[in-house]
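# Fold the stuff below for me.
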Amino acid sequence: MGQSANQPLPEHLTLLKAYMDYLECERRLSVHTLRAYTKDIEELLVYLSENKLGLFSMTPKELRAYFSKRIGSSLPMSMECNKSKRNLSKRSQARKLASIRDFFRFLERRKGMKGNPAMQLHSPRFQKPLPTVLGPGEIEDVFDRISSEESRLSQEGKIPEALKARNLAICEMLYSSGMRISELLNLRLADVQQLPDEVKIVGKGEKQRFVFFGLPSRKVLNDYLQKRACLCSLRSSDRLFLNRNGGPLSDRGVRFILKSLQRRLGIPKNIHPHSFRHSFATDLLNEGANIRAVQELLGHSSLSTTQNYTHVSKNRLRNIYRQCHPHAKMKVQ
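Predicted coordinates for the structure are as follows:
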């Protein structure tokens, strides 16, 4: 039986698996990054199979043709979506090119490929969107709404007390510590049973760092810990945050919880796990925190990533201008 036209060649799949093992074991990339890279490379390998092109002999011209036919505006999707049309943003196109470029780099270093055809393709320029930020007043309003609404629903028997306490603890701990949602959900019960004001976590790339909690987060966490056993009746897990069946709570589960709260409480801004992380960083910078310290607290490898938050710290910039610029301090007669 011949190779299906909409499947990569077996030898290509072997190379893809070797590349994924390298990303996971040596570079220790996150599950989400691995999933995105796998999809990007699989689409390229399907294209090569369909057009009977060689992987190791691929030229910049052939790769450019791939992008123009499969990646640009109103172009066919991969086999998974039955070749329906899509319109990829420049950001997504840039990510796909970066994935393919890194894959060819791996083939150069480990598999003897001569030349990287992706190096001659220029990544599309795009403007990074500013993070969604909840200001100090807004974030307190969100917490107040969640607390009051969840209490009412709990009293009416619509959700268990344990789920109410869990939801409050998730939101407060995300904002208080600046953790990524994956880092929060990887916490074990043993990590916080003593209710410390700091926890050592493992972030992206297996990098360790300390995160800190304020008094409000420790209070809601304590409340959740007292009620957490109600969620362990069906299953047993050592993860800190559990779903209603007693299993580990997932990233998707948290996003669903936050979207449900947003709709139910009529919160105008979109709330997602990173909203609390963005607000954490912006509030620190607005209060005069050193950007290098914020970089350490967020676990960013590059300072340029942290600098994205300086664009939303307008209050701090405005105050610095008014305090320091001679004409800004002058009063109009």
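# Quick check: residue 7 is in a strand.
No. Using DSSP: H, G, I helix; E, B strand; the rest coil, the assignment for residue 7 is coil, not a strand.
# Please verify my assumption that it contacts residue 46.
Yes. Judged on Cβ atoms under 8 Å, residue 7 makes contact with residue 46 at a distance of 6.8 Å. For the C-beta atoms, the positions are set from N, CA and C on the backbone; glycine is no exception.
# of these two, who's got more company?
More crowded of residue 7 and residue 46, by other Cβ atoms under 10 Å: residue 46, with 21 against 15.
# where exactly do the helices run in the stretch 151-300 of the chain?
Along the stretch 151-300 of the chain, counting by DSSP state H, counting those that start in this stretch, helices occupy 161-177, 181-185, 189-192, 215-227, 251-265, 273-286, 291-298.
# shaky segments in the stretch 151-300 of the chain?
Across the stretch 151-300 of the chain, the ranges flagged by pLDDT under 70 are 151, 153-159, 195-196, 233-235.
# about what we covered before: closest to residue 21 out of the helices of the stretch 151-300 of the chain?
Among those, helix 181-185 comes nearest to residue 21, with 20.7 Å by Cβ to Cβ.
# so what secondary structure elements neighbour the closest one?
In terms of contacts (3 or more Cβ pairs under 8 Å, 6 or more residues apart in numbering; DSSP states H and E), helix 181-185 is packed against helix 161-177, helix 251-265, helix 273-286.
# one more time with 6 Å
For helix 181-185, there is no helix or strand it packs on, judged by 3 or more Cβ pairs under 6 Å, 6 or more residues apart in numbering; DSSP states H and E.
# how does this protein divide into domains?
Structural domains assigned to the chain are 10-120, 136-320, following automatic domain parsing.
# Quick one: closest of those to residue 326.
Nearest to residue 326, of these and by Cβ to Cβ, is domain 136-320 at 13.4 Å.
# Just the buried positions in stretch 297-308, please.
Neighbour-count burial for stretch 297-308, counted by 16 or more other Cβ atoms under 10 Å, picks out 297-300, 306, 308.
# I'd like those laid out as TSV, including distance to residue 282.
What follows is these, written out as TSV (distance: Cβ to Cβ, whole Å):
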residue	distance to residue 282
297	12
298	11
299	16
300	14
306	11
308	10
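# who touches the closest residue to residue 295 other than its chain neighbours in this structure?
Of all residues not flanking residue 295 in the chain, residue 306 sits nearest, at 4.3 Å (Cβ to Cβ, 6 or more residues apart in numbering). Taking Cβ atoms under 6 Å, 6 or more residues apart in numbering, we find residue 306 in contact with 291, 294-295, 300.
# next one: the strand or helix carrying residue 306 to chain centre, how far?
Residue 306 belongs to helix 303-307 when assigned by DSSP states H and E. From the chain centre to the centre of helix 303-307 is a distance of 15 Å (Cα atoms, centre = their mean, to the nearest Å).
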